[in-house]
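> structure, please.
(one chain, ligands or ions: 1)
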Amino acid sequence: MANTLSVLYPTQYEATPHLTETRDQYRELLPQYRSAVPDDEAAQKHTSAPFVYSEEGGATTFVGGCDAAVDWARARLAPSASTAAASSMVDDGFTKEHGFDYDVVVVGGGSGGLACSKECAKLGAKVAVLDFVKPSPAGSTWGLGGTCVNVGCIPKKLMHTASIIGETLKDDAAAFGWKDAAAGAHDWESMKSTVQDHIKSLNFKYRVALREAGITYLNRLGEFEDKNTISLTDKKGNKTSVTAARFIVAVGGRPNKLGCPGGEHAIDSDDLFSLPKAPGRVLCVGGGYIALECGGFTAGMGYPTTCMVRSILLRGFDRECVGKIEAHIKHHGVQLQVGVTPAKIEKDAATGVLTVTDSGGGVHEYDTVLVATGRYADTAALGIDNVPGASANVNAKTKKLECVDEQLPGAPHVYAIGDVVEGRPELTPVAIEAGLRLARRLFGGKTEPMDYECVATTIFTPLEYGTIGLSEDDAKAQLGECNVESYISEFAPLEYALSEARSERGDGCFAKLVVDKSTGKVVGFHYLGPNAGEITQGFSIAMRKGATYADFISTVGIHPTVAEEFTSMTVTKSSGESAAKGGC
Ligand SMILES: Cc1cc2nc3c(=O)[nH]c(=O)nc-3n(C[C@H](O)[C@H](O)[C@H](O)COP(=O)(O)OP(=O)(O)OC[C@H]3O[C@@H](n4cnc5c(N)ncnc54)[C@H](O)[C@@H]3O)c2cc1C
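You can find the predicted model right below:
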């Protein structure tokens, strides 16, 4: 069986059969076999032949005897239960005897690159990962793990949490009997230190994980030299190179810069989470989720914050929900300046104060200007043009890579995952899942493509927003206005019920299911309120399985929770009835 596996899947399995002629000879060798898995109790007691163990991804594991080995092989070879279409990836000419340094070099050790490289190694490939951080214009730099862990999701969520804790202390604690718990002044420096310590511990864990998986980690900037060679530059400028049969580009993106005069005085999200001093008066430029999340948490911590939005907030999301986020963020203390952009930023050399003149002629002073007007793909210095055929797959406008099932059609041995891929959601779990599935197709004999449909996401504005599928407007555009019904509910979660401040402000939750009337299928899920990420993640499984409105409301809820609202929503928007709910 082991020989068969190694013949069928030479890149994944290598069999080392060890035959003995007599039982006594076998028994004499047993201590040697057991010593390969010294901590496995079953292995130490195993006496019958065969004695099967596997070495995979740097780990040695006892499989068992004959039956266990057959089960092990059966599980690995079982066809996937998924009915998803097979990927349309083309043969990239890979053979095991390629003669290059590595089976695959992954360029970029962020969310996608790390997940993909570990999976490739687990499936038997010889892997190297390059990860190198070019300092931001303000000089910030960080460790292994990419955007999410260092300058994205993780510090953002931690700082959002800091702001939510402040709100709970200020608005709720006293009503729940915590008489002396009123929020004091926020200490940015101590929060920044604990956040950065946590990030450093994650950087360390990632390095250990790569070592344990037998992956070569190179803290070098990669640039393609030719079809199979990539040059490596370290932080001192020293150059070397490695070769590989395959490449996976996972270089992510970086924040856009501000083009106006004095734009160099602005920082971006690459700098904010390690800002050594409290930001003071903050201007966030941009109407996307990063600008509003950052502006939301700086305001929540007590720093006077303005968000400057050129046109509309949160383009592409459900407009009714965005309207509620906009109203809430204003109640939360964020000043909104909509319809203007910064025209000029001047810095006072003595005080560091930034005077911003906007396109409408307004002039305001800030201590920090944060630009969050989108991100560009980090491909400019990748030398992609040196790979024959690959430049045809660089999008002229976005500089992202245009792929079919993560493969570059013009250079089939080059693949791309994560934020660098054109037309795909820029989200950590998307980069990870695409990386895992690509690895399994390249080295695991699988065919399942990445499924980018119905990806759930959450925006961590002060009023959190979880969404899956279509906005109401998109549903109407795709299905026809008369074929869409929305069920809505506005309600206050029990957690807010005792707080006078919250009832004065009208803090509450909003739930919306957008339904295709012809099939009953829920095509859009929208939730505004606390713990939106946790709630939305759970419902995303139902949405992927094609749940109908009837499935939602025939589900028995969990009481008292906010999520139970989705099991009892009966007010349709078209009825014009009030969606405000009182009591249980
Ligand atoms: C402020 C902020 C908040 C976010 N919040 C969320 C969130 O809440 N949820 C969510 O899902 N997503 C969030 N994201 C998006 C998420 O961080 C990205 O989608 C994700 O990190 C993309 O992963 P990636 O592997 O494509 O690239 P990255 O994680 O960006 O990793 C790319 C790596 O490659 C390195 N690199 C680049 N070029 C080279 C080269 N030539 N040689 C060697 N190394 C190179 C880079 O330095 C980097 O380390 C957020 C992003 C930001 C900026």
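> in three-state terms, label the spatially closest residue to residue 26 that is not a sequence neighbour for me.
Closest residue to residue 26 apart from its sequence neighbours, by C-beta to C-beta, 6 or more residues apart in numbering: residue 20 at 4.4 Å. (C-beta placed from N, C-alpha, C; glycine too.) Following DSSP: H, G, I helix; E, B strand; the rest coil, we place residue 20 in the coil state.
> show me the contacts for residue 20.
Residue 20 is in contact with 26, 29, 49, counting by C-beta atoms under 8 Å, 6 or more residues apart in numbering.
> and it, how far from residue 570?
Note on residue 20: its distance to residue 570, by C-beta to C-beta, to the nearest Å, is 73 Å.
> and the residue in the stretch 1-150 of the chain positioned nearest to the ligand, how close does it get to residue 441?
Per C-beta to the nearest ligand atom, residue 110 is where the stretch 1-150 of the chain lies closest to the ligand, at 1.9 Å. Residue 110 is 20 Å from residue 441, where distance means C-beta to C-beta.
> quick one: what helix or strand has residue 231 in it?
Here residue 231 sits within strand 229-233, counting by DSSP states H and E.
> tell me the strands beside that strand, with direction?
strand 221-224 (antiparallel), strand 239-249 (antiparallel) (DSSP bridges).
> deepest-packed of those strands, please.
Stretch with highest mean neighbour count among the strands paired with strand 229-233: strand 221-224 (a mean of 22; mean count of other C-beta atoms under 10 Å).
> then it to CSV, C-alphas only?
The C-alpha trace of strand 221-224 is given here as CSV (Å, rounded to 0.1, in the frame of the first residue of the first chain):
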residue,chain,number,x,y,z
LEU,A,221,13.0,40.9,-0.1
GLY,A,222,12.3,38.8,-3.2
GLU,A,223,12.5,40.0,-6.8
PHE,A,224,12.1,37.6,-9.8
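> starting at the chain centroid, how far to that strand?
Centroid separation for strand 221-224 versus its chain: 24 Å, with C-alpha atoms, centre = their mean, to the nearest Å.
> one more: stretch 163-179?
31 Å.
> mean confidence for stretch 534-541?
Here stretch 534-541 scores 98 as its mean pLDDT.
> is any part of that stretch close to the ligand?
No - applying C-beta under 6 Å from any ligand atom, one finds stretch 534-541 out of contact with the ligand, separated by at least 11.3 Å.
> contacts for that stretch?
Outside stretch 534-541, the residues within contact range by C-beta under 8 Å, 6+ apart are 454-458, 466-468, 525, 527, 529, 562-563, 566.
> if we use 6 Å, what do you get?
Contacts with stretch 534-541, where a contact means C-beta atoms under 6 Å, 6 or more residues apart in numbering, come from 456, 458, 466, 468, 525, 527, 563.
> from residue 435, how far off is the fourth one?
In this case it means residue 468. 22 Å.
> ok, these two, which is more surrounded?
residue 435 (29 against 23; other C-beta atoms under 10 Å).
> helix or strand right after the one helix or strand that one maps to?
Using DSSP H and E, residue 435 sits in helix 428-443. Using DSSP H and E, the helix or strand that follows helix 428-443 in sequence is strand 457-459.
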